[in-house]
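J.: A predicted structure for the sequence below; I have some questions about it.
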Amino acid sequence: MSAFPTIKLQNGVEMPIIGLGTWQSTDDDVRKAVEVAVAEAKYPLIDTAEIYQNEEVIGDILHKLISEGKIKRDDVFITTKLWTNNLNPARSLAAARECLKRLQLEKVDLLLCHMPAAFAENGTDQEKDVSVEDVWRGLEAIYDAGLARAIGVSNWSAEQVDRVMKTAKVPIHNVQNELYLYWPQHELTEVCKKHGISITSYGSLGSPGRVNFTLPTGQKLDWAAAPNALDDPKVKELAEKYNKSPAQILLRYVIERGIAVIPKSVTPSRIHENLKVFDFKLTEDEVKALDFAPHRQRLFLQPFMEGHPEDPFKSERV
């Protein structure tokens with residue numbers, strides 16, 4: 001049972017409102033980060049994905065901590081995601097079993113499709129005939145097989161969520177999307193509220209570390225220039241008022257909206273700091289002021305999906 005606030009999913013599963021993100025964490029870093037987060041700080045949720053290439057390491061450290069009696073399996077909510085080459089329903093069930101094997105688990109607490117656009121097994125060629133409705137059928141099969149306590153989607157548009165909910169046999173339980181001060185996702189949150197879907201925010205701090213990301217090929221991506229949300233004047237003002245860091249204000253802002261956060265860090269002090277957001281509250285007016293920050297910018301445009309019929313951001317591309 002989580003000692004932190006939880007969000008109740010449509011099927012009754014309780015999902016912690018805060019967890020540790022592990023994108024861009026190398027093997028050694030993620031091993032140390034997960035041990036600090038789970039064994040010391042008592043983080044109630046770990047978020048990973050196939051494409052992060054760290055499920056195996058996370059599985060090893062969780063198995064070690066459980067074997068040593070430092071934690072119980074029920075102490076940690078595990079989220080993972082299927083990558084684009086495993087979104088075709090012909091392959092998704094087998095791919096989910098591989099995730100479980102790497103994580104050394106019988107089931108995950110939440111399994112998401114990482115993107116709406118399906119690709120071929122080689123990960124390069126787009127499968128343009130696979131719709132989001134098809135992708136969701138694959139996740140429903142995973143849920144029906146008992147491999148995940150809940151299922152959801154990531155990086156989907158509000159329109160795609162709305163469309164799939166019209167035909168879904170199992171409702172979308174969670175949507176994990178980029179959501180932060182300068183991209184508050186008001187349209188998406190309204191659609192999710194209408195359908196009773198919970199939301200997880202990634203990039204809640206404005207993802208300043210994104211510029212360091214390197215693909216497995218060694219290629220670095222080009223990122224558009226963007227202001228740092230941690231330097232926002234209103235955020236700094238609130239940090240001073242509440243004697244908190246700007247990062248804690250940004251996390252609290254998202255939490256005040258009833259949205260889960262998964263801040264990534266491999267630094268022990270920051271891992272502990274990011275949990276210290278439950279001993280203060282922002283006022284309604286302060287949340288509104290942050291809601292309407294003048295700058296608006298999506299940071300993660302996922303350009304590799306361009307040209308796919310299910311590209312969720314095609315209307316934003318120039």
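T.: Great, that's in hand.
J.: all strands for the stretch 51-200 of the chain, in order.
T.: 77-82, 110-113, 151-154, 174-178, 198-202 (DSSP state E, counting those that start in this stretch).
J.: any idea how far the last one is from the middle of the chain?
T.: Which is strand 198-202. 6 Å (CA atoms, centre = their mean, to the nearest Å).
J.: for the fourth one, same thing?
T.: Here strand 174-178 shows a centroid-to-chain-centroid distance of 6 Å under the convention CA atoms, centre = their mean.
J.: and if you look at the first one?
T.: Once both centres are worked out by CA atoms, centre = their mean, strand 77-82 turns out to sit 9 Å from its chain's centre.
J.: and the strands of the stretch 51-200 of the chain as JSON lines, adding mean neighbour count and mean pLDDT?
T.: Glycine gets a C-beta too; all of them are placed from N, C-alpha and C. Shown next, in JSON lines, are the strands of the stretch 51-200 of the chain (neighbours: other CB atoms under 10 Å; pLDDT from 0 to 100):
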{"stretch": "strand 77-82", "mean neighbour count": "25", "mean pLDDT": "98"}
{"stretch": "strand 110-113", "mean neighbour count": "26", "mean pLDDT": "98"}
{"stretch": "strand 151-154", "mean neighbour count": "25", "mean pLDDT": "98"}
{"stretch": "strand 174-178", "mean neighbour count": "24", "mean pLDDT": "98"}
{"stretch": "strand 198-202", "mean neighbour count": "24", "mean pLDDT": "98"}
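J.: which of those sits closest to residue 54?
T.: strand 77-82 (10.2 Å; CB to CB).
J.: parallel or antiparallel, list what pairs with the closest one.
T.: Strand pairing for strand 77-82, using DSSP bridges, gives strand 45-47 (parallel), strand 110-113 (parallel).
J.: could you dump those strands into JSON lines and include distance to residue 129?
T.: Shown next, in JSON lines, are the strands paired with strand 77-82 (distance: least, CB to CB, whole Å):
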{"stretch": "strand 45-47", "distance to residue 129": "30"}
{"stretch": "strand 110-113", "distance to residue 129": "16"}
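J.: returning to what we had before: nearest to residue 62, of the strands of the stretch 51-200 of the chain?
T.: Judged by CB to CB, the one of the strands of the stretch 51-200 of the chain that comes nearest to residue 62 is strand 77-82, at 7.7 Å.
J.: run the angle between that closest one and strand 198-202 for me.
T.: Here strand 77-82 runs at an angle of 80 degrees relative to strand 198-202 (axes from the mean of the first three to the mean of the last three CA atoms, to 10 degrees).
J.: could I get the buried residue list for stretch 234-247?
T.: Taking 16 or more other CB atoms under 10 Å as the basis for neighbour counts, the residues of stretch 234-247 that come out buried are 234-235, 238-239, 242, 244-247.
J.: then stretch 33-52?
T.: Judged by neighbour count using 16+ other CB under 10 Å, the buried positions of stretch 33-52 are 33-39, 41, 43-52.
J.: if you look at those residues, which of them are in helices?
T.: The members of these that map onto helices under DSSP state H are 33-35.
J.: just name the closest of those residues to residue 80, please.
T.: Sorting those by distance to residue 80 puts residue 34 at the head of the list, at 13.4 Å, by CB to CB.
J.: quick check: closest non-adjacent residue to the closest one.
T.: With CB to CB, 6 or more residues apart in numbering as the criterion, residue 34 has its nearest non-adjacent residue at 4.8 Å, and that residue is residue 61.
J.: next, count neighbours for that neighbour.
T.: Other residues within reach of residue 61, judged by other CB atoms under 10 Å, total 20.
J.: distance of it from residue 261?
T.: When distance is defined by CB to CB, to the nearest Å, residue 61 is 22 Å away from residue 261.
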